[in-house]
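Novice: my questions are about this predicted structure, shown below with the sequence.
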Amino acid sequence: MLSNKKIILGVSGGIAAYKAVELTRLLTKAGADVHVIMTHAAQEFIAPLTFQTLSANPVHTALFDLIAEQEIGHISLADRADLFIIAPATANIIGKIAAGIADDMLTTTVMATKAPVLFAPAMNVNMYTNPIYQENEEKLRRLGYLFEAPVSGSLACGWEGEGKLAAPETIFDCAVATLTKKDLSGKKVLITAGPTREEIDPVRYISNYSSGKMGYALARAAQRRGAQVLLISGPTSLAKPYGVTVVTVTSANEMQREVMARVDACDVVIKAAAVADYRPELRNSTKIKKKGDSAIISLVKNPDILSELGKMDYGSRPRPFLVGFAAETDALAENAAKKLFEKRLDIIVANDVSKADAGFNVDTNRALLFFKDGSSTDCGLMSKDQLAVTILDHVISRLTEQPGA
Ligand code: CTP
């Protein structure tokens, strides 16, 4: 996701410096070449060796200035960066940069870079709300510097309030979004994810093994590419993706209601949800008691949301680009092609959910994509994040061919 990207991570002196370690891990795991610059104060909180080990690059500190100047040089480092992150960014470092002070390795390199700079501030709540700090942030924002706002919580100083460094995952997501080409900018994308639950009584339900991972990966990838993303999600344990509007539902009927109410003006609809085909005819309001040796639950058909979207009359509005998923355990190509045709889709993503590395509840997938024009492509084994990017590549290349897109 971040391969070939050179990222400078500036760490300034605050207790949250330890969280920059996790951020380094996330960035390097995603393929980025991370170069860490630590201020003198940051080294009071954490040893440079930790960052050096995780980034596999020398860490730049005030002590290393002379060596760094010979081997790399802060100007050259600044020139080659694709992104500059400062996390945690203290009130002091933000104030210095806003005032144009360049008196150490970090401030000098920030001053010299033309790469986007992302600050993740962390400080005491009173410092954060101090008009001097706020004015500095405002000035930097006006100049095009990016900020990932701190969150509320209990602070190391004992105070409660805003000032806690954003989660490393959030800063990571923001960094990836900053580095991603915005080829879905201006587009509205509706994605469904996860299973649905069809209640039998207050303690039991019918559902499936869907984790929601594929739909959430699509939502993240679309958001990073600049789309306005609406994620309608069945029950999952996943964290809300950064910058995405999430609507949670439980049953297929609820999902249908939410999709139909919000599909207006959508450019793309991706239905990754594993919707239960049937629901109990009656939901018992009290727990069903055990009786006899067998029990029968009468089921009735749920609405097929995707079919409805395929057949709907959109009036004068262009029909959204429709992407469906086909979860199969046999006759993959045949079943997927049938669903593509019957649900009137533009693309169907078919995966064999009987395979251990594909489909429900795993981080990888093996998908075959079938297109409306009869062509297809085999994506092979890849992570759900990578597959999400590939699916969106195909959507974008076809979307631009459609009238009204
Ligand atoms: N889908 C839907 N509403 C349903 C069932 C499925 O919108 N009630 C959508 C899914 O989100 C998916 C596609 O239709 O994008 C195919 O879902 P899948 O479960 O593979 O197939 P079904 O159409 O349910 O057919 P079958 O269960 O017979 O394979």
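Specialist: Noted; the coordinates are in hand. Numbering: from 1, shown residues only.
Novice: following the lowest-mean-pLDDT helix or strand in the chain, which helix or strand shows up next?
Specialist: Sorting the helices and strands of the chain by mean pLDDT, DSSP states H and E puts helix 65-71 at the bottom, at a mean of 54. Using DSSP states H and E, the helix or strand that follows helix 65-71 in sequence is helix 74-80.
Novice: now that next one: how far from the chain's centre is it?
Specialist: 29 Å (Cα atoms, centre = their mean, to the nearest Å).
Novice: pLDDT weak spots in the stretch 1-150 of the chain?
Specialist: Within the stretch 1-150 of the chain, the stretches with pLDDT under 70 are 63-74.
Novice: what's the burial count for the closest residue to the ligand within it?
Specialist: As assessed by Cβ to the nearest ligand atom, the ligand sits closest to residue 1 within the stretch 1-150 of the chain, at 24.8 Å. For glycine as for every other residue, the C-beta is placed from the backbone atoms N, C-alpha and C. By the criterion of other Cβ atoms under 10 Å, residue 1 has 18 neighbours.
Novice: try residue 235
Specialist: Quick note: residue 235 (other Cβ under 10 Å) scores 15 neighbours.
Novice: any idea how far the ligand is from it?
Specialist: Distance, residue 235 to the ligand, by Cβ to the nearest ligand atom, to the nearest Å: 15 Å.
Novice: that residue against residue 193, yeah?
Specialist: No: using Cβ atoms under 8 Å as the test, residue 235 is too far from residue 193 to be in contact (10.4 Å).
Novice: list the contacts of the residue nearest to residue 354 when sequence neighbours are not counted.
Specialist: Of all residues not flanking residue 354 in the chain, residue 329 sits nearest, at 4.3 Å (Cβ to Cβ, 6 or more residues apart in numbering). Residues near residue 329 by Cβ atoms under 8 Å, 6 or more residues apart in numbering: 352, 353, 354.
Novice: tell me the pLDDT at the closest residue to the second one other than its chain neighbours?
Specialist: Spelled out, that is residue 353. When the adjacent residues along the chain are set aside, residue 353 lies closest to residue 359, with 3.2 Å between them (Cβ to Cβ, 6+ apart). Residue 359 carries a pLDDT value of 72.
Novice: can I assume residue 359 is in contact with residue 350?
Specialist: No: the criterion here is Cβ under 8 Å, and residue 359 misses it with residue 350 at 10.3 Å.
Novice: rewinding a little: who's in contact with the residue of the stretch 1-150 of the chain closest to the ligand?
Specialist: By Cβ under 8 Å, 6+ apart, the contact list for residue 1 reads 30, 31, 176, 385, 386, 389.
Novice: count of neighbours near the last one?
Specialist: The one in question is residue 389. Neighbours of residue 389 (other Cβ under 10 Å): 20.
Novice: quick one, longest helix in this structure?
Specialist: helix 384-399 (DSSP state H).
Novice: would you mark the buried spots in it?
Specialist: 384-392, 394-396, 398-399 (16 or more other Cβ atoms under 10 Å).
Novice: ditto for stretch 307-320
Specialist: 309, 310, 319, 320.
Novice: now those in a markdown table, please, with extra columns for pLDDT and distance to residue 166.
Specialist: Converted to a markdown table, the buried residues of stretch 307-320 look like this (pLDDT from 0 to 100; distance: Cβ to Cβ, whole Å):
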| residue | pLDDT | distance to residue 166 |
| --- | --- | --- |
| 309 | 97 | 36 |
| 310 | 96 | 40 |
| 319 | 93 | 39 |
| 320 | 96 | 33 |
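Novice: ok, so of the residues you listed, who is nearest the ligand?
Specialist: Among the buried residues of stretch 307-320, and counting by Cβ to the nearest ligand atom, the member closest to the ligand is residue 309, at 7.6 Å.
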